[in-house]
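**Student:** Need the 3D shape of this:
(one chain, ligands or ions: 1)
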Amino acid sequence: MLNHHEETTYQHRFKESVDKFQNIFRLTSVASNIIDSNLKIVKVNKALTELLGFSEDEITGTKILDYVCEEYKDHWIHLNNELWNKNRPFFKLEVCLLKKDNTIVWVNVTTILFKEKGITYGFTVLDNITGFKHFEESDKRLNLALKYSKMAAWEMDLKDFSVIPSKSHDSIFENDNSLKLWNRETYLLYILPSDGDLFNEAFEVLAEYRNFNFKGRILTHCQSVKWIHLQGEAEVDEKGNPIRIIGTIKDITQEKLLEQQREDFISIASHELNTPITSLNASLQLINKMVYNPDSKLREVIKKANKSMVKVNSLIDDLLSANNMDNHFMQLNKSVVILSELVNTCCNNITESGTYSIETSGDIHLKVYAVAERIEQVLCSLINNAIKYAPESKVIKVNIEEVNNQAKVSVSDTGTGIEKDELPLLFDRFYRVESNGSQHSGFGLGLYISSEIIKRHGGEMGAESEIGKGSTFWFSIPLA
Ligand code: ADP
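**Tutor:** I've put the predicted structure just below:
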């Protein structure tokens, strides 16, 4: 039994702690409320009114569930049910609430039951995690953006060179998660030894430029060679000494490949154009000298100059049409064309000199619905190739036939032929056969352009060849 004095002290202490609770409840910056068994709010604190934007009067008496975003309601109801009816001691839940101004606030909800004067109430704390949520989402967005741009982020502490990588970082190195801790040394394990010095030099200029920049090759975990670009900006302490680098890492293998192709192309183009232009230049200088003193050789020189000019023209033509295939093709209309007539037009120039003859066989009346100028271009390209790459073949055969409802045209020579494995590659852009291509001018575009023209007619193109016997290039397009 408590004596009177003990009882008053106890009551006093109890009142004191209730007051303390009330004060904490009122003044804490954590939004809180008290609900009854009908989930109605009986008491709110200032932080909650500020969080939701409603006044105390507006909130009191309403149900907390009224403020919950629709998709979280069921889960919250279920947890409340367990709490109030199934002796669950408390629950925690992450939800979003709708504020008075219809914007969203993210909270971590914790509800615990307590009794006062025999009645059970729920005490709910709503921890505002909107900032964290936004951070989480922008982090997710950043990681996604980095992933799709084949980039990753990295942060290096310059005290011990330890690195904090972003999610996609390891996939650039095709790392299977066996390497967990990244630092300056681990990068060097991947970087090719010949590029290691460049990587180390990037650190040496950091204090001066506050910029980190390294482009080099790595050997990935799966043994493939990739080009990477590590960039970063140094953060400095109050004395101006770099303490941290924050930056990005990018897989630039494709860019490097394109750069290489561009360089190769420029060197091929200048080399190919240089030969006929030099010869043209020499001829023009000669003509210049001869013009006031004409002799019998003038004609010869003019002929040579013309030949060089034709070569330059055809090279430039190839370049322009390959670069602008659609326009090149679309400018002209289709009509009904007799194939053998197209063969005749492009043969006239060739047979004029008397060195080569063209034999046309098959169905000389076969008609197609096509862009005449373009099919003629394909035929000339095949016939010219036969003369260029099989000069010993003085007769070039052109056969026109109907195969499976299509018109098939084949151009055959009896030259040295082409290796089997080269055949499918001949129609690729810039492809030339090493062994015979270098003696003749060309960009390796003629067959590519031809196959594009045939494709746009809904047709097919191919080549057959036997070493020592000759080659046949053919195309087929729908009949008229
Ligand atoms: P280019 O003549 O500018 O090199 P093409 O695309 O017309 O480009 O030809 C690609 C390559 O195919 C040529 O470099 C040549 O090596 C090979 N080729 C084409 N036609 C023949 C042929 N009739 N006989 C042997 N090789 C040929």
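
**Student:** what residues does the chain put near the ligand?
**Tutor:** Residues of the chain that fall close to the ligand, judged by CB under 6 Å from any ligand atom: 385-386, 389-390, 413, 415, 418, 426, 431-433, 436-437, 442-448, 471. No exception for glycine: its C-beta is placed from N, CA and C like everyone else's.

**Student:** which of the residues you listed are buried?
**Tutor:** Buried by 16 or more other CB atoms under 10 Å: 385-386, 389-390, 413, 415, 418, 426, 431-432, 442-448, 471, out of the residues of the chain next to the ligand.

**Student:** Out of these, which sit inside strands?
**Tutor:** Those of those mapping onto strands are Ser471, per DSSP state E.

**Student:** Which ones among the buried ones among the residues of the chain next to the ligand map onto helices?
**Tutor:** Per DSSP state H, helices hold the following members of those: Asn385, Ala386, Tyr389, Gly446, Leu447, Tyr448.

**Student:** need the residues you listed in TSV with distance to His75, can you?
**Tutor:** Output for those, formatted as TSV (distance: CB to CB, whole Å):
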residue	distance to His75
Asn385	73
Ala386	77
Tyr389	75
Gly446	68
Leu447	65
Tyr448	61
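
**Student:** Tell me which two in those are the farthest apart.
**Tutor:** Farthest-apart pair in these is Ala386 and Tyr448; separation 17.4 Å (CB to CB).

**Student:** Where does pLDDT dip in the stretch 351-480 of the chain?
**Tutor:** Per-residue confidence for the stretch 351-480 of the chain (pLDDT under 70) gives these ranges: 351-353, 436-438.

**Student:** quick one, helices of it?
**Tutor:** Secondary structure of the stretch 351-480 of the chain by DSSP state H, counting those that start in this stretch: the helices cover 372-389, 434-437, 446-456.

**Student:** Equivalent analysis for the stretch 101-250 of the chain, please.
**Tutor:** Applying DSSP H, counting those that start in this stretch to the stretch 101-250 of the chain gives helices spanning 130-148, 169-172, 184-190, 193-204, 206-209.

**Student:** Now do the last one: distance to the chain's middle.
**Tutor:** Taking the mean of its C-alpha atoms, helix 206-209 sits 32 Å from the chain's own mean (CA atoms, centre = their mean, to the nearest Å).

**Student:** swap in the third one?
**Tutor:** Taking the mean C-alpha point of helix 184-190 and that of its whole chain, the gap between them comes to 26 Å (CA atoms, centre = their mean).

**Student:** One more: stretch 320-340?
**Tutor:** Taking CA atoms, centre = their mean, the mean C-alpha location of stretch 320-340 is offset from the chain mean by 32 Å.

**Student:** Restrict it to CA atoms and write it as PDB.
**Tutor:** This file holds the C-alpha atoms of stretch 320-340, laid out as PDB (Å, rounded to 0.1, in the frame of the first residue of the first chain):
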ATOM      1  CA  LEU A 320      28.800  11.600-103.700                       C
ATOM      2  CA  SER A 321      26.400   8.900-104.500                       C
ATOM      3  CA  ALA A 322      27.500   6.700-101.700                       C
ATOM      4  CA  ASN A 323      27.100   9.600 -99.300                       C
ATOM      5  CA  ASN A 324      23.700  10.600-100.500                       C
ATOM      6  CA  MET A 325      22.100   7.300-101.600                       C
ATOM      7  CA  ASP A 326      18.500   8.300-101.100                       C
ATOM      8  CA  ASN A 327      18.600  11.600-103.000                       C
ATOM      9  CA  HIS A 328      20.700  10.000-105.700                       C
ATOM     10  CA  PHE A 329      18.100   7.400-106.200                       C
ATOM     11  CA  MET A 330      14.800   9.300-105.600                       C
ATOM     12  CA  GLN A 331      15.500  12.100-108.100                       C
ATOM     13  CA  LEU A 332      14.500   9.800-111.000                       C
ATOM     14  CA  ASN A 333      11.300   8.100-112.000                       C
ATOM     15  CA  LYS A 334      10.700   4.500-112.900                       C
ATOM     16  CA  SER A 335       9.500   3.400-116.300                       C
ATOM     17  CA  VAL A 336       9.300   0.200-118.400                       C
ATOM     18  CA  VAL A 337      12.800  -0.500-119.700                       C
ATOM     19  CA  ILE A 338      14.200  -3.100-122.100                       C
ATOM     20  CA  LEU A 339      17.300  -4.400-120.400                       C
ATOM     21  CA  SER A 340      19.400  -5.200-123.500                       C
END
